[in-house]
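give me the fold of what follows.
(chains A, B, C and D)
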2 protein chains.
Amino acid sequence: MKIGELAKIAHCTTETIRFYEKEGLLPEAERTEANYRSYSARHVERLRFIRNCRALDMTHDEIRALLRLTDAPADGCGGINTLIDEHIAHVDTRIDELKQLKAQLTTLREQCHGEQAVEDCGIVQGLTEMDVGATRARHTHLG
Amino acid sequence: MKIGELAKIAHCTTETIRFYEKEGLLPEAERTEANYRSYSARHVERLRFIRNCRALDMTHDEIRALLRLTDAPADGCGGINTLIDEHIAHVDTRIDELKQLKAQLTTLREQCHGEQAVEDCGIVQGLTEMDVGATRARHTHLG
DNA sequence: TAAACACCTTGAAGCCACTACAAGGTCAAG
DNA sequence: CTTGACCTTGTAGTGGCTTCAAGGTGTTTA
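The predicted model follows:
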């Protein structure tokens, strides 16, 4: 199977696949005589795993850790559970942050109703006068 | 006022301020004889505005648009309202996405309870077998 | 047989909003 | 006169790709 076919199966681009190879997420493929990458069913499985993890917003580091854990069958799946739990915590944190953000934005938005002059616009005043304090530390890799 | 003092007031680093200048968000400062940047109250106000927008997770493009709108007092604040409304919509979209994500992760997590072998781990199976389909288009710049 | 076209190769640069670092200049205090 | 805090410029790194350039390969059609 050539790279384009694999890309279609995995719903991603050929560039992404080559990028995963360079990152060490996907093992290198065999090559044809023409130096084309040639993929097997194991690559399909691995790539699907990676894409699913990405769809769940895991970082490449998290995915690498997960792949290492699944490739070490001796260890059982305790480590896997922990990793997923931590990732769920990231998502939770980010949801809370965004809810707070929305509350702030909604409050700001309510400062201005009509088509008044910019000088009197409560939004502009709010944005100028707010003092948000130090940037809060990041508790999640989710943007 | 030198750059370090401004950075303290605005709760950011000197590098960030120089970066905003290069980006065209913050107007260039006067220079002292020693070629140090020298800032005025107007810079303080502008930088605070920018940092507040960033604290609300606006992109530099959104901030630039907002600054242009506030600098054109003739136009009233309709455009400003629209921009904020759109930004709130971004945040809402992202919250919904993350909630869905959490639901998926929670379902996945429930596939595995104990310390079984990796081969039988429902999480690993889930990650291998899910087929998440095409990556959904981004409706928000929020990560 | 040749041209057109789809596919493949590598490598480098761009995206965003910074952050970090290197190598040096300026200035006040001890 | 040295220490140390501050300033200057420029470059490179972050993550997860995406885009581009310049070319090689392989199949189909005229």
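
break chain A down into its domains, please.
Structural domains assigned to chain A are A:3-56, A:77-129, following the TED database.

and stretch A:1-9, anywhere near DNA strand C?
Yes - if you take Cβ under 7 Å from any atom of the strand as the test, stretch A:1-9 does meet DNA strand C, through A:2-5, A:7. For every residue, glycine as well, the C-beta is placed using N, CA and C.

what does chain A have sitting close to DNA strand C?
Going by Cβ under 7 Å from any atom of the strand, the residues of chain A near DNA strand C are A:2-5, A:7, A:14-15, A:18, A:35-37, A:135.

give the rounded mean pLDDT of stretch A:75-86.
What stretch A:75-86 shows for mean pLDDT is 84.

then stretch A:109-129?
pLDDT averaged over stretch A:109-129 gives 79.

now that stretch: buried residues?
A:109, A:112, A:118, A:121-124, A:126-127 (16 or more other Cβ atoms under 10 Å in any protein chain shown).

re earlier: and the residues of chain A next to DNA strand C, which are buried?
Taking 16+ other Cβ under 10 Å as the criterion, what is buried in the residues of chain A next to DNA strand C is A:3, A:7, A:37.

pick out whichever of the residues you listed sits closest to DNA strand D.
residue A:7 (9.7 Å; Cβ to the nearest atom of the strand).

and the strands in chain A?
A:30-31, A:37-38 (DSSP state E).

and these, which is most packed in?
With neighbours taken as mean count of other Cβ atoms under 10 Å in any protein chain shown, these reach their highest mean count in strand A:37-38, at a mean of 16.

residue in chain A nearest to DNA strand C?
Closest point on chain A to DNA strand C, by Cβ to the nearest atom of the strand, is residue A:4, at 2.6 Å.

now for that residue: which residues touch it?
Residue A:4 makes contacts with residue A:14, as judged by Cβ atoms under 8 Å, 6 or more residues apart in numbering or on different chains.

related to what we said a few turns ago, now mean pLDDT and distance to residue A:86 too, for the strands of chain A, in a markdown table please.
Below are the strands of chain A laid out as a markdown table (pLDDT from 0 to 100; distance: least, Cβ to Cβ, whole Å):
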| stretch | mean pLDDT | distance to residue A:86 |
| --- | --- | --- |
| strand A:30-31 | 96 | 36 |
| strand A:37-38 | 97 | 34 |
